[in-house]
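Asker: sequence plus predicted model, see below.
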Amino acid sequence: MSEAPLILVTNDDGVSAPGIQALRAALADVGEVMVAAPDRERSAASHSISLDRPLRVDELEPRVFSIDGTPVDCVYLGLLHLAPRRPALVVSGINNGFNLGSDVFYSGTVAGAVEGALRGVPALAVSLERRRPQDFSHAAAFARALAAEMIRRGSRSLPDASLLSVNLPAGPIRGYQVTFLGRRVYRDQVEARQDLRGRSYYWIGGPEENATDLPGSDLSAVRSGLASVTPLGLDLTHAQLLSELVGWRVGNFVHEAIERAKSER
């Protein structure tokens, strides 16, 4: 009898967050679920990895690991050390709040899935609109359906160095759309304050601002009440600039530097 597929689950809201608990429960009948998640909230940690200090791991219950690191630390440890066999899928979430447009560059949730993709494992990041009270059940059901299809397709589900980023509006899911990254706009803001000893400290980052977006983007989908499924690639090379940069005159500088070096010998 073959083993059930292993699913590695992580997040950036912390191992005890309700979103990861809902996700873990929903995936239980898709495969064997293993959790490797931060011991506390690590939102906006992006793809940071802890190379300058040791990591502590507590096994809270069988196959549930609390790690005092970032989501990337958790996936790295999970894949390379904690997992009893190679996972079939990495699922990160369910995040308490959207990760739309440029959010993917800051998000610890997306970074957890990116680390899985970097290591050749199909990966999925799931984020839910922030609402109170928060209900993760519908998002978890959608994540389960998508995860089951990815496992059914196996290694063919996604090309190398790619992953899926899913954003869901609050409430029942009435449909989904395959989308591209939109442009989420925040107010640029630095607020300076002083502590009781007269020393300055700063809060950075402003609130989201309303902005129009193109049809077919992740922002447009969730604004229409649809789940957004965005395929992300890890090659950030700008294809158009590859040819344009060849015409830049930096080559003259290199040539002149070489000639100077010859004359100084």
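Answerer: Cool, got the structure.
Asker: low-confidence ranges, the stretch 1-150 of the chain, go.
Answerer: Per-residue confidence of the stretch 1-150 of the chain (counting by pLDDT under 70) places the weak regions at 1.
Asker: which residues of it fall in strands?
Answerer: When secondary structure is read from DSSP state E, counting those that start in this stretch, the stretch 1-150 of the chain shows strands at 6-10, 32-38, 57-61, 64-67, 89-96, 123-128.
Asker: dump these into JSON lines; add mean neighbour count and distance to residue 168 as well.
Answerer: Placement of C-beta: from N, CA and C, glycine included. Putting the strands of the stretch 1-150 of the chain into JSON lines (neighbours: other C-beta atoms under 10 Å; distance: least, C-beta to C-beta, whole Å) gives the following:
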{"stretch": "strand 6-10", "mean neighbour count": "27", "distance to residue 168": "17"}
{"stretch": "strand 32-38", "mean neighbour count": "24", "distance to residue 168": "20"}
{"stretch": "strand 57-61", "mean neighbour count": "12", "distance to residue 168": "27"}
{"stretch": "strand 64-67", "mean neighbour count": "21", "distance to residue 168": "24"}
{"stretch": "strand 89-96", "mean neighbour count": "29", "distance to residue 168": "8"}
{"stretch": "strand 123-128", "mean neighbour count": "30", "distance to residue 168": "5"}
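Asker: tabulate these (CSV), appending distance to residue 45.
Answerer: Shown next, in CSV, are these (distance: least, C-beta to C-beta, whole Å):
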stretch, distance to residue 45
strand 6-10, 11
strand 32-38, 8
strand 57-61, 17
strand 64-67, 12
strand 89-96, 12
strand 123-128, 13
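Asker: all helices for this protein, in order.
Answerer: 18-27, 71-77, 108-118, 137-153, 218-223, 239-244, 250-263 (DSSP state H).
Asker: I'd like those as a markdown table, with mean neighbour count appended.
Answerer: What follows is the helices of the chain, written out as a markdown table (neighbours: other C-beta atoms under 10 Å):
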| stretch | mean neighbour count |
| --- | --- |
| helix 18-27 | 21 |
| helix 71-77 | 27 |
| helix 108-118 | 28 |
| helix 137-153 | 18 |
| helix 218-223 | 23 |
| helix 239-244 | 8 |
| helix 250-263 | 9 |
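Asker: do you know which of the ones you listed lies nearest residue 186?
Answerer: Nearest to residue 186 among those is helix 218-223; the distance by C-beta to C-beta comes to 12.7 Å.
Asker: residue contacts, the most centrally placed residue in the chain?
Answerer: When the chain is reduced to its mean C-alpha position, the closest residue under C-alpha atoms, centre = their mean turns out to be residue 110, at 0.3 Å. Taking C-beta atoms under 8 Å, 6 or more residues apart in numbering as the definition of contact, the neighbours of residue 110 are 92, 99, 103, 104, 125, 165, 232.
Asker: if you set the cut-off to 10 Å instead, what comes out?
Answerer: Contacts were defined as C-beta atoms under 10 Å, 6 or more residues apart in numbering; by that measure residue 110 touches 12, 46-47, 71, 92-93, 95, 99, 103-104, 123, 125-127, 163, 165, 230, 232.
Asker: give me the distance between it and residue 155.
Answerer: When C-beta to C-beta, to the nearest Å is the yardstick, residue 110 and residue 155 sit 21 Å from each other.
Asker: for residue 6, same thing?
Answerer: With the distance defined as C-beta to C-beta, residue 6 ends up 14 Å from residue 155.
Asker: cool, residue 131 as well?
Answerer: In this structure, residue 131 and residue 155 are 36 Å apart, going by C-beta to C-beta.
Asker: cool, and residue 165?
Answerer: With distances taken as C-beta to C-beta, residue 165 is found 20 Å from residue 155.
Asker: of those two, which one has the most company?
Answerer: More crowded of residue 165 and residue 155, by other C-beta atoms under 10 Å: residue 165, with 28 against 10.
Asker: good, wrapping up.
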